[in-house]
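Chemist: here is the input, now give the coordinates:
(chains A and B)
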Number of protein chains: 2
Amino acid sequence: MSAPEWADPDLDNTDLDNTGLDNTDLGNTDLDNTGLGNAPVWSGAALAGGLTGPAALAPLLDVAVRALADGAHLRAGPVPAGTPADVAAAVATALAGNALPETGTDPATALAGLATALSAGTADPADPHCAGHLHCPPLAVAVAADVVAAALNPSLDSWDQGPSATALEPWLIRALAAAVGYPPDRAGGVLTSGGTESNLMGLLLARDRAAPRLTGRPAAAHGLGVAAGRLVVLCSEVAHFSVRRNAALLGLGEDAVIAVPVDGAHRMDPAALTDRLTAAVGDGLVPAAVVATAGTTDFGSIDPLPAIADVCTRYGVWCHVDAAYGGGAVFSDALAGLLTGLDRADSIALDLHKLGWQPVPAGVFLTARVKSLASLERRVAYLNPADDETAGYPSLLGRSLRTTRRVDAFKLAVTFRVLGRQGLGRLVDACHALAHHAAARVRAHPRLSLAADPVLTTAVFRWQDPAVPDLDRINAALRRRLLREGRAVVGRTEVNGAVWLKLTLLNPHATTADVDALLAAVVRAGDTEAATR
Amino acid sequence: MSAPEWADPDLDNTDLDNTGLDNTDLGNTDLDNTGLGNAPVWSGAALAGGLTGPAALAPLLDVAVRALADGAHLRAGPVPAGTPADVAAAVATALAGNALPETGTDPATALAGLATALSAGTADPADPHCAGHLHCPPLAVAVAADVVAAALNPSLDSWDQGPSATALEPWLIRALAAAVGYPPDRAGGVLTSGGTESNLMGLLLARDRAAPRLTGRPAAAHGLGVAAGRLVVLCSEVAHFSVRRNAALLGLGEDAVIAVPVDGAHRMDPAALTDRLTAAVGDGLVPAAVVATAGTTDFGSIDPLPAIADVCTRYGVWCHVDAAYGGGAVFSDALAGLLTGLDRADSIALDLHKLGWQPVPAGVFLTARVKSLASLERRVAYLNPADDETAGYPSLLGRSLRTTRRVDAFKLAVTFRVLGRQGLGRLVDACHALAHHAAARVRAHPRLSLAADPVLTTAVFRWQDPAVPDLDRINAALRRRLLREGRAVVGRTEVNGAVWLKLTLLNPHATTADVDALLAAVVRAGDTEAATR
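Modeler: Model prediction:
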């Protein structure tokens, strides 16, 4: 080991025999010299917290803000012009070809360089022409709140890693439970990394409820035993792919997922659901859960929740609603009616990093009965000893699949206070209106074809020309052309095996003129692709 | 719906028949009026990104920094004095008893109030007397970098939600792979939410490799089938509780985990591992994985990695190393030798929000062979269509269990550049030295008893007095007393069924005097508890 000049871990020269712990003279060993301020490199070791943290943090935040602006000006659009290789080369240059150098450098310089590169090379959802995905532009106030969470770094797995954070999260869960129509005092839940984790939690609780019916033993303790391969999950054929992925993770296998047909508006057909459930039971399979979708990724379609809840009640099956996208409608007076029946779900996934304008992650898992979370509970000596709980120290460890956990509830709390339910609803309404505007424009344009009327904030469409073959290739290519030219981020999906495009309109400050210009760019790019092939 | 004054989603009056999309006059509908600036509430809807984002963000970051400082002064210590009920009451007051009000309020006021409350009520790991958990004080530069990630909000599940972020993460994975001794071009991995998720990924890959040996079918596709209940996982009896929790999640059941005895230094006994493996195979069980621990939560003990790797090779079992805590030793010239054999693991969990001084989350999952991640790969029409990949657009979707995913790699990239490998190592060494100092002080004090010599940065000890019974109650009570008085956050655990205390020293700027004062406070609190009972 090379001798560090600022801290000598060799304590042999300390008077270890001295038991007078109050003798602060003992503090004057060389460990006191942390080298902070000795050199620019070591100012990089300054902490964000404590009494001195804010002074260390403030100038670096100025650097970050300047770099955000510099990068945005360099990019000069929704996405950097060029190929993926060009973007990769710029990142490699910013890293000087080594992500973990031996020695350090000045923090302001390092931060400015890398942050400018990240910003210059990003797809910025705050640009109205970045409309490809459920990828929202975050609110400035939510980002500022997130800094507070990062600097204090509370963790929610024990009270003594975050007293105020531990007190805060349940307020957000209660508020969201009330917003979806759950009785807030009986419901429970937790913040998650996103819809995929929230859907996993719903399926986990459903699996652990269903498994004892097969084996007489809880799956959590004893595994799936001979029951595995007999538990099934039903969802519509256009449900999110994470349902299958999570079924595999839980040991049920992707084949355990039974796809239920949808109607012409991409909504699960409740009669078909009943047929599939009856057939499954007849085949000796045990339905563990039905996953309804409130807001499919492409069409925003919302399964008929009351009818599905009826079927689930009749069959005694856990009803999970993936409302990761559509859940935002609860904030809107105009759109909340789309979610009628949501309160009858056993569990719900929400994503406030979609229609909630939060930086990722801001997933939410809710369950109608907090006691359903029992299969997550753990007693861990170093985190939640029983006598601490008896003494009044609460623990959220048993709410989450994670252990260490950031207080993502804080940015939600600040956002909710700043906008209120009505303010969030207006942002949802603005995006919804933009989607209807886009659909109307598409419908009226001879070179564009609309797949379906918007339900939430998306419009699925494609470039068309009856005289031109190979529309799939042209639509795929025009989208890549728009990326390569740095002009737009347009979504892409498949409808009946064909390539379609999609505007996912999550920027509430985008204007109808922005949407018009975006569609015009799509038309031009399609015309160019058609002409050059 | 009440008519919003700033955006009218009724577009019926727009000239929808006009197909001239380039006609920007069409932009002048009322949707253009987003109401920003109309009132303080609506400035709360300003975005963090784009060309105007930095100007909206900067004043709010100032508010956040001031609130951090105000809260720290109000708290005036490592943790707020008072009971959990007192902390909860302060949070309730800050929320005005409603986490989701109907209408909004001024963003600066809302942020200042809630951020001050969060800060005043937190346990701040930057305070040298906050030493309870693997709960690190984050570096200011890492927090500033995290703001950039939050403001731009890239998501790693598709290239077009984060071109530069998608290019960046593999650099960090390669650098960390090299740091643990993997061949960086063959290895693979991903950033995770923490050790629990990284351990889950290791067990998932192990399960999916082992399942076909039983059923001839991959678990990912077909579920565990009749194999379930026969796959087992072995780890030491002091391994992290997430191994059991994850076994339950994966459908193996907690009972699938076989606890291997440890030696006197809390390290897995390789001979006992061989015995347990032989017995398991003899019983018709199929070992899917051995989980070795490099840095247990309490003692920091590191299982004998080379011997365990030998056993795993002999039995053909997946070797996962939970190095969530101890992995930080790779940065230190003095301590890296503790991790000899780590490069022989099939997969590894690291947590840079422990010995890496990052805001949560900064988990890392690494695997020696990137192709091991195949069971995570998915082809999703809206995220990674095949022709986009052919055209050079990479996708990280198949790396993670999540879908939407923040670029936590960015704060790591900035930190690594600022400190370098050596700088991080010096911070690790400083904490290690503090633990040795604490142990020496404890050993020399008549009222304190040391459980074991420190390995990494913890010291497990307790208050003692041969004349006093009920040491468990006194140690538990003195710890709560220190919390209640706002004096210190000391860890707590169980050793052989008894209550012990723990200093988890993760603040590299703490001094030996800080440690001395902390131990003195423990002694006084223990004396008080002993005297008052």
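Chemist: give me the below-cutoff pLDDT ranges for chain A.
Modeler: Applying pLDDT under 70 to chain A picks out residues A:1-41, A:213-218, A:222, A:225-229.
Chemist: for the most centrally placed residue in it, list the residues it contacts.
Modeler: By Cα atoms, centre = their mean, chain A has its centre lying nearest to residue A:194, at 3.5 Å. Neighbouring residues of residue A:194 by Cβ atoms under 8 Å, 6 or more residues apart in numbering or on different chains: A:324, A:351, A:353, A:360-361, A:363, B:402-405. For the C-beta atoms, the positions are set from N, CA and C on the backbone; glycine is no exception.
Chemist: which residue does the stretch 351-500 of chain A bring closest to chain B?
Modeler: residue A:433 (3.3 Å; Cβ to the nearest Cβ).
Chemist: so which strand or helix has that residue?
Modeler: Using DSSP states H and E, residue A:433 maps to helix A:409-444.
Chemist: after that helix comes which helix or strand?
Modeler: Immediately after helix A:409-444, counting by DSSP H and E, sits strand A:448-450.
Chemist: so what strands line up beside that following strand?
Modeler: According to DSSP bridges, strand A:448-450 forms sheet pairs with strand A:458-463 (antiparallel).
Chemist: between helix A:409-444 and the strand it pairs with, find me the angle.
Modeler: With axes from the mean of the first three to the mean of the last three Cα atoms, to 10 degrees applied, the angle from strand A:458-463 to helix A:409-444 works out at 40 degrees.
Chemist: just the residues contacting strand A:458-463, thanks.
Modeler: Taking Cβ under 8 Å, 6+ apart as the rule, strand A:458-463 contacts A:298-300, A:435, A:438-439, A:442, A:447-452, A:471, A:474-475, A:478, A:491, A:493, A:495, A:498-505, A:522-523, A:525-526, A:530.
Chemist: the helices in the stretch 51-200 of chain A, which residues?
Modeler: A:53-75, A:84-94, A:107-120, A:140-152, A:163-180, A:195-215 (DSSP state H, counting those that start in this stretch).
Chemist: out of these, which is the most enclosed?
Modeler: helix A:140-152 (a mean of 30; mean count of other Cβ atoms under 10 Å in any protein chain shown).
Chemist: relative to helix B:409-444, how tilted is it?
Modeler: Angle of helix A:140-152 versus helix B:409-444, following the same axes, to 10 degrees, is 30 degrees.
Chemist: does chain B sit close to helix A:140-152?
Modeler: Yes - with Cβ under 8 Å from any Cβ of the partner chain as the measure, helix A:140-152 is seen reaching chain B through A:140-152.
Chemist: mind putting those residues in TSV, distance to residue A:461 included?
Modeler: Shown next, in TSV, are these (distance: Cβ to Cβ, whole Å):
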residue	distance to residue A:461
A:140	32
A:141	34
A:142	31
A:143	32
A:144	37
A:145	36
A:146	35
A:147	39
A:148	41
A:149	39
A:150	40
A:151	44
A:152	46
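Chemist: report the contact partners of residue A:342.
Modeler: So residue A:342 contacts A:180-181, A:294, A:305, A:321, A:323, A:327, A:330, A:348 (Cβ under 8 Å, 6+ apart).
Chemist: rerun that using 10 Å as the cut-off
Modeler: When contacts are counted by Cβ atoms under 10 Å, 6 or more residues apart in numbering or on different chains, residue A:342 is found next to A:179-182, A:292, A:294, A:302, A:305-306, A:309, A:321, A:323, A:326-327, A:329-330, A:336, A:348, A:350, A:366.
Chemist: also residue A:200?
Modeler: Here residue A:200 is in contact with A:192-193, A:242-243, A:245-247, A:249-250, A:349, A:365, A:401, B:249, B:401-402 (Cβ under 10 Å, 6+ apart).
Chemist: from these, pick the one nearest residue B:279.
Modeler: Closest approach to residue B:279 among the contacts of residue A:200 (Cβ to Cβ): residue B:249, at 25.5 Å.
Chemist: touching, that closest one and residue A:205? I think so.
Modeler: No - at 11.4 Å, residue B:249 and residue A:205 do not qualify as touching, with contact defined as Cβ atoms under 10 Å.
Chemist: near the nearest residue to residue A:82 once chain neighbours are set aside, how many other residues are there?
Modeler: Nearest non-adjacent residue to residue A:82, counting by Cβ to Cβ, 6 or more residues apart in numbering or on different chains: residue A:484, 6.8 Å away. For residue A:484, the tally of surrounding residues (other Cβ atoms under 10 Å in any protein chain shown) stands at 19.
Chemist: what's the distance between residue A:484 and residue A:77?
Modeler: Distance, residue A:484 to residue A:77, by Cβ to Cβ, to the nearest Å: 12 Å.
Chemist: re earlier: and of the contacts of residue A:200, the nearest to residue A:220?
Modeler: Closest approach to residue A:220 among those (Cβ to Cβ): residue B:249, at 8.4 Å.
Chemist: what residues are up against the closest one?
Modeler: When contacts are counted by Cβ under 10 Å, 6+ apart, residue B:249 touches A:200-201, A:204, A:207-208, A:219-220, A:249-251, A:375-376, A:401, B:196, B:200, B:203-204, B:242.
Chemist: could you pull up phi and psi at it?
Modeler: phi -60, psi -40 (degrees, to the nearest 10).
Chemist: residue A:232 bridge partners, please.
Modeler: With DSSP bridges as the rule, residue A:232 is bridged to residue A:287.
Chemist: give me the number of residues near it?
Modeler: 26.
Chemist: contact partners for it?
Modeler: By Cβ under 10 Å, 6+ apart, the contact set of residue A:232 is A:210, A:247, A:252-253, A:255-258, A:276-277, A:280-281, A:283, A:285-290, A:317, B:223.
Chemist: from residue B:385, how far off is the residue nearest to residue A:82?
Modeler: From residue A:484 to residue B:385 the distance is 16 Å (Cβ to Cβ).
Chemist: rewinding a little: and the contacts of residue A:342, which are buried?
Modeler: A:179-182, A:292, A:294, A:302, A:305, A:309, A:321, A:323, A:326-327, A:329-330, A:336, A:348, A:350, A:366 (16 or more other Cβ atoms under 10 Å in any protein chain shown).
Chemist: which of those fall in strands?
Modeler: Judged by DSSP state E, the buried ones among the contacts of residue A:342 include A:292, A:321, A:323, A:348, A:350, A:366 as members of strands.
Chemist: grab the nearest non-local neighbour of the fourth one.
Modeler: With Cβ to Cβ, 6+ apart as the measure, residue A:366 is the residue that lies nearest to residue A:348, at 4.5 Å, once sequence neighbours are left out.
Chemist: isn't that neighbour right up against residue A:205?
Modeler: No - with contact defined as Cβ under 10 Å, residue A:366 does not count as touching residue A:205 (11.4 Å).
Chemist: from residue A:72, how far off is residue A:94?
Modeler: Residue A:94 sits 16 Å away from residue A:72, going by Cβ to Cβ.
Chemist: same question, residue A:460
Modeler: 29 Å.
Chemist: compute the first-to-last residue distance for stretch A:463-472.
Modeler: Using Cα to Cα, to the nearest Å, the end-to-end distance of stretch A:463-472 comes out at 9 Å.
Chemist: nearest to chain B, of the ones in strands among the buried ones among the contacts of residue A:342?
Modeler: Checking these one by one against chain B (Cβ to the nearest Cβ), the nearest turns out to be residue A:350, at 12.5 Å.
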